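[1] Here you go, sequence then predicted model.
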Amino acid sequence: MDLHQLFILRELGERGSVAAVARALFVSSSAVSQQLSALQRTTGVALTERRGRTLVLTPAGTALAAAAATVSTAMAAAEEAVARFHDEPATPVSLSAFHSAGLAWFGPLISRLSLSTGSAAPPIHCGDEDVARQDFPALVADYDLVIAHRLPHDPPWPDRVTVTPLIYEPFDVALAAGHPLAGQSSVSVAEIADEPWITGHAGFPLAEAVNVVAASAGRPLWIEHRINEFFVAASVVASGTAVALLPRTTMAPVPGSGLVLLPFRDLQVGRQIDVLSRPETLLRASVRRVLDELRAVAGGRAA
């Protein structure tokens, strides 16, 4: 049954006439009559009858109007519960990220929330989801917030998800510390194009980024390995047998890693990192809080 039609039936019982209901709802009398007729067709029983020139409720209509009052009370309680849920700052929030983003930001985000003062911080439940670019939007069915990445020239995220930009992260050339070019401050495409390369599998940002390098070089690159996982690719680069593109911020090498990251001086290549969510998810205060803290963490690391 249509809730609005039930509401009109209840109003008729309480106000006594179609004209009174129409005045209260700022609609025409014919609009009220049409809604009552539609409800009667749905129920299959007579809900109203003529008593002189006035339309009044039948016994069945009176019973349904009483039930409509119960329904309205239940709906009001449900709306109140939803409002409290949206405003509650400590409602748990689920968050997913691809591996390098999770490594860089999960720990600092949890620490930042646990050390925050003032209102209670929402607990967060983290998950790692490293999927092909086109599969990130579907994850919003399982997580409140989804950290996703794509190249700037990739198709935009679908309209059914809300997109919050996080950072743009350049890709740099990863070399072994002992590589002849490792002592430079930057490299050109020509200097690096003939090296054996590590790339990712089709559909993942690393593979698409290496394709950008190949396009700039004007010829295919020598692809030695196809590895999606940045940490595995970094270990192979450190062996000195191949080079790769690695993200500058989330994969910055630590001392002793055997890696050097050098920017291109004649090419801009990188990825856009965004947070995807369902539109209604951002109505929750706890989700907005986590998103704000995540932006602060990501922005601080990028800086």
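    Sure thing, it's come through. Numbers count the residues shown, from 1 in each chain.

[2] give me the number of residues near residue 91?
    Using other C-beta atoms under 10 Å, residue 91 is surrounded by 18 other residues. Just so you know, the C-beta spots here come from the backbone N, C-alpha and C atoms, and that holds for glycine as well.

[3] Quick check: closest non-adjacent residue to it.
    Ranked by C-beta to C-beta, 6 or more residues apart in numbering and with sequence neighbours excluded, the top spatial neighbour of residue 91 is residue 286, at 4.2 Å.

[4] Just confirm that neighbour is within a helix.
    Yes. When DSSP: H, G, I helix; E, B strand; the rest coil is applied, residue 286 is found to be in a helix.

[5] Now do it: how many residues are near it, please.
    With neighbours defined by other C-beta under 10 Å, the count for residue 286 comes to 23.

[6] quick one: contacts for it?
    Contacts for residue 286 (C-beta atoms under 8 Å, 6 or more residues apart in numbering) come out as 88, 89, 90, 91, 92, 93, 122.

[7] Give me the helices and strands touching the strand or helix carrying residue 234, please.
    Using DSSP states H and E, residue 234 sits in helix 230-238. Under the contact criterion of 3 or more C-beta pairs under 8 Å, 6 or more residues apart in numbering; DSSP states H and E, helix 230-238 touches helix 99-114, strand 162-176, strand 196-199, strand 244-247, strand 259-262.

[8] Same list, those, but as a markdown table with mean neighbour count please.
    Below are these laid out as a markdown table (neighbours: other C-beta atoms under 10 Å):
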| stretch | mean neighbour count |
| --- | --- |
| helix 99-114 | 18 |
| strand 162-176 | 20 |
| strand 196-199 | 22 |
| strand 244-247 | 27 |
| strand 259-262 | 20 |
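
[9] Now mean pLDDT and distance to residue 230 too, for these, in CSV please.
    Output for these, formatted as CSV (pLDDT from 0 to 100; distance: least, C-beta to C-beta, whole Å):
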stretch, mean pLDDT, distance to residue 230
helix 99-114, 92, 5
strand 162-176, 95, 9
strand 196-199, 94, 10
strand 244-247, 94, 6
strand 259-262, 94, 11
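
[10] could you dump the ones you listed to CSV with distance to residue 42?
    Putting the helices and strands packed on helix 230-238 into CSV (distance: least, C-beta to C-beta, whole Å) gives the following:
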stretch, distance to residue 42
helix 99-114, 49
strand 162-176, 36
strand 196-199, 60
strand 244-247, 58
strand 259-262, 67
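
[11] mind checking which of those is nearest residue 5?
    strand 162-176 (32.8 Å; C-beta to C-beta).

[12] and the closest one, which strands flank it?
    strand 244-247 (antiparallel), strand 259-262 (antiparallel), strand 270-277 (antiparallel) (DSSP bridges).

[13] any idea how the protein splits into domains?
    For the chain, automatic domain parsing gives the domain ranges 3-87, 93-302.

[14] looking at the helices and strands packed on helix 230-238, which is closest to residue 213?
    In terms of C-beta to C-beta, the element of those nearest to residue 213 is strand 244-247, at 7.1 Å.

[15] How far off centre is that closest one?
    Offset of strand 244-247 from its chain centre (C-alpha atoms, centre = their mean, to the nearest Å): 25 Å.

[16] What pLDDT is listed against residue 119?
    If you check residue 119, the pLDDT there is 62.

[17] whoops, I mixed them up, residue 85
    For residue 85, the pLDDT comes out at 70.
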